[in-house]
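Asker: Quick one: sequence and predicted model below, then my questions.
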Amino acid sequence: MTTSRARISKAVIPAAGLGTRFLPATKATPKEMLPVVDKPAIQYVVEEAVNAGLSDVLMITGRNKRSLEDHFDRNYELEQILHAKGDDDRLRKAQESTDLATMHYVRQGDPKGLGHAVLCAAPHVGDQPFAVLLGDDLIDPRDALLTRMTDVQQEHGGSVIALMEVDPSSIHLYGCAAAAPTGDDDVVRVTGLVEKPDAADAPSNLAIIGRYVLDPAVFEVIAKTEPGRGGEIQITDALQTMATDPSIGGPVHGVVFRGRRYDTGDRADYLRAIVRLACEREDLGPDFRAWLRAYVSEEMQSR
């Protein structure tokens, strides 16, 4: 099977998860719609795809996810009210998510894992390479990780995954890559992958984070992949097959990311992400940083 090097234009965003770590907030609201400052987390992810040149976005959804579609659709009543008031600034904010990309949606149905969610994209993606962006990981827009990954895929073919060095004691929380160096400091050749290994068994401290650029051969591999850890079809298992047999869709490379990443899948990290992003906003940062310094000072004095 040959590897594809067609220019990438399609992004897939799995968004069918239940968000149980954020209950009760996610009982009726998708976790992807939880606000990070003043935008839902999912909008940051779509913006990242668009900034990397991927304007065709397929979202894999599930039950109770209708608000995701509504957010990227027009709200004519709201727009008319804002237009009548002459509130051009808020009108622009209401329209920006609608004008971002060409959006498509498909339901996953049974939650059979990330690999199965990616497989749901096969009819839309076809025989083109494509990107997968997980909504729990927000990449700072100043760090063009996805653009770098698409460039590496264009150079080497096959598939490319995003990796980050983590403390070995936390590698059990991630998929982990065995890797060999290449001529580029931030690019490795992936020779093996394992899902959430014990620290003693981990081949490295290179953790897979939620960005993938995949050769379409992955669909055939996923279809043949048995459920793995947690009884789910894991994308890591499919990529392990491709990494150890490059004749199936080409090699697998990794881009080692050393930039700014915000994990919104964990409650504490979600709060940190909001604070960091708010501090860096020109419109909010100065006042918010001043308040934060005073608050921390008061807390330190009271302890």
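Answerer: Done, it's in.

Asker: Tell me where this structure has strands.
Answerer: Counting by DSSP state E, the chain has strands at residues 10-14, 35-36, 39-40, 56-61, 102-107, 130-133, 137-139, 159-165, 175-181, 187-195, 206-214, 252-256, 261-263.

Asker: got these as JSON lines, with mean neighbour count columns?
Answerer: Glycine gets a C-beta too; all of them are placed from N, C-alpha and C. Formatted as JSON lines, these follow (neighbours: other Cβ atoms under 10 Å):
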{"stretch": "strand 10-14", "mean neighbour count": "26"}
{"stretch": "strand 35-36", "mean neighbour count": "14"}
{"stretch": "strand 39-40", "mean neighbour count": "18"}
{"stretch": "strand 56-61", "mean neighbour count": "22"}
{"stretch": "strand 102-107", "mean neighbour count": "15"}
{"stretch": "strand 130-133", "mean neighbour count": "26"}
{"stretch": "strand 137-139", "mean neighbour count": "24"}
{"stretch": "strand 159-165", "mean neighbour count": "24"}
{"stretch": "strand 175-181", "mean neighbour count": "19"}
{"stretch": "strand 187-195", "mean neighbour count": "20"}
{"stretch": "strand 206-214", "mean neighbour count": "24"}
{"stretch": "strand 252-256", "mean neighbour count": "24"}
{"stretch": "strand 261-263", "mean neighbour count": "18"}
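
Asker: Quick check: which of the ones you listed is nearest to L277?
Answerer: Closest of these to L277 is strand 35-36, at 6.3 Å (criterion: Cβ to Cβ).

Asker: ok now that closest one, how far from the chain's centre?
Answerer: Per Cα atoms, centre = their mean, to the nearest Å, the displacement of strand 35-36 from the mean C-alpha position of its chain is 15 Å.

Asker: One more: stretch 18-26?
Answerer: Offset of stretch 18-26 from its chain centre (Cα atoms, centre = their mean): 18 Å.

Asker: cool, stretch 90-101 as well?
Answerer: For stretch 90-101 - counting by Cα atoms, centre = their mean - the centre lies 21 Å from the chain centre.

Asker: How far does it stretch from one end to the other?
Answerer: With Cα to Cα, to the nearest Å as the measure, the ends of stretch 90-101 fall 20 Å from one another.

Asker: can you pull out the helices in the protein?
Answerer: Along the chain, the segments classed as helices by DSSP state H run 41-51, 66-71, 76-85, 88-96, 114-119, 122-125, 145-156, 217-223, 235-244, 267-280, 285-302.
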